[in-house]
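Undergrad: From the sequence below, what's the structure:
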Amino acid sequence: MKIGILQTGHAPDELLPTSGDYDRLFQQLLAGHGFTFATYNVVDMEFPESITACDGWLITGSKHGAYEDLPFIAPLEAFIRDVYAADIPLVGICFGHQIVAQALGGKVEKFAGGWAVGRQTYDWNGEQVALNAWHQDQVVTLPADAQIIASNDFCAAAALVYGKHIFTTQPHPEFSAEFIAGLAQHRGTGVVPDPQLAQARENLDMPIDDGHIADQIARFFKDRTVA
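TA: Numbers count the residues shown, from 1 in each chain. Now for the predicted structure:
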């Protein structure tokens, strides 16, 4: 199964030599599930020729806001709507989670409650799941057919499913502790409050459930279920 990675941003330049870009993080996350991958840098206006160029699609995170007036936003939203109408499986992570919701009639805004940075825990379909997060924006109004499957006190819509078409998450299963440490150093300083950065660093050695969510993503692509 060929997965098209729609890259909506790039990792910090300082992290590229060791971690690679966002597409590499997802290839590592989903390794062993039998997928092949193609990357499209939609943030740089590199779009697939067709929604059928791949068997499924994955939209990455980004430093940009879904509500920003950027050249790639409108064509990406149109692509999302076309993929949804054609019943092709689509996964969105962080910015991907937000842009899918916005494209299908929801609302995204800069959350008044501030940032979620580093390890967070969620009620995920009745079980406790820990994942790394890095966001201030949130989905605040759901599209009509979106169903919440994960949440916590800070983020009510932490993971959504849209029938058997779409699966999206606000936290980042692809972000390792090392990557969070790099973000804290190169994108967090002066932007995220210092106490939150300190807490994120203190939690770097705590376990996360990235493999569990990777299995859910793989299962969704193959079987259209996250159960």
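Undergrad: Could I get the contacting residues of the residue nearest the centre of the chain?
TA: Nearest to the mean C-alpha position of the chain, by CA atoms, centre = their mean, lies residue 93 at 1.1 Å. Residues near residue 93 by CB atoms under 8 Å, 6 or more residues apart in numbering: 26, 58, 59, 60, 61, 168, 169, 172, 173, 174. Glycine gets a C-beta too; all of them are placed from N, C-alpha and C.
Undergrad: And for residue 108?
TA: 65, 66, 67, 98, 99, 101, 102, 137, 138, 139, 140.
Undergrad: Check whether it sits in a helix, strand or coil.
TA: What DSSP: H, G, I helix; E, B strand; the rest coil gives for residue 108 is strand.
Undergrad: Residue 58 contacts residue 1, doesn't it?
TA: No: the pair residue 58 / residue 1 is not scored as a contact, 11.7 Å apart, by CB atoms under 8 Å.
Undergrad: Neighbour count for those two, which is higher?
TA: residue 58 (28 against 14; other CB atoms under 10 Å).
Undergrad: beta partners for that one?
TA: residue 5, residue 91 (DSSP bridges).
Undergrad: For residue 148, see how far away it is.
TA: From residue 58 across to residue 148, the span is 20 Å (CB to CB, to the nearest Å).
Undergrad: Same question for residue 204.
TA: Relative to residue 148, residue 204 is positioned 28 Å away (CB to CB).
Undergrad: what does residue 25 give?
TA: Residue 25 is 25 Å from residue 148, by CB to CB.
Undergrad: Looking at those two, which one has more neighbours?
TA: residue 25 (23 against 15).
Undergrad: what helix or strand is that one on?
TA: Assessed by DSSP states H and E, residue 25 sits inside helix 22-29.
Undergrad: Identify the residues contacting that helix?
TA: Helix 22-29 is contacted by residues 5, 7, 9-11, 19, 37, 39, 58, 60-61, 93, 173-176, 179, 210, 214, 217 when judged by CB under 8 Å, 6+ apart.
Undergrad: Any of the residues you listed buried? List them.
TA: Taking 16 or more other CB atoms under 10 Å as the criterion, what is buried in those is 5, 7, 9-11, 19, 37, 39, 58, 60-61, 93, 173-176, 179, 210, 214, 217.
Undergrad: Among those residues, which are located in strands?
TA: Using DSSP state E to define strands, the subset of these located there is 5, 37, 39, 58, 93.
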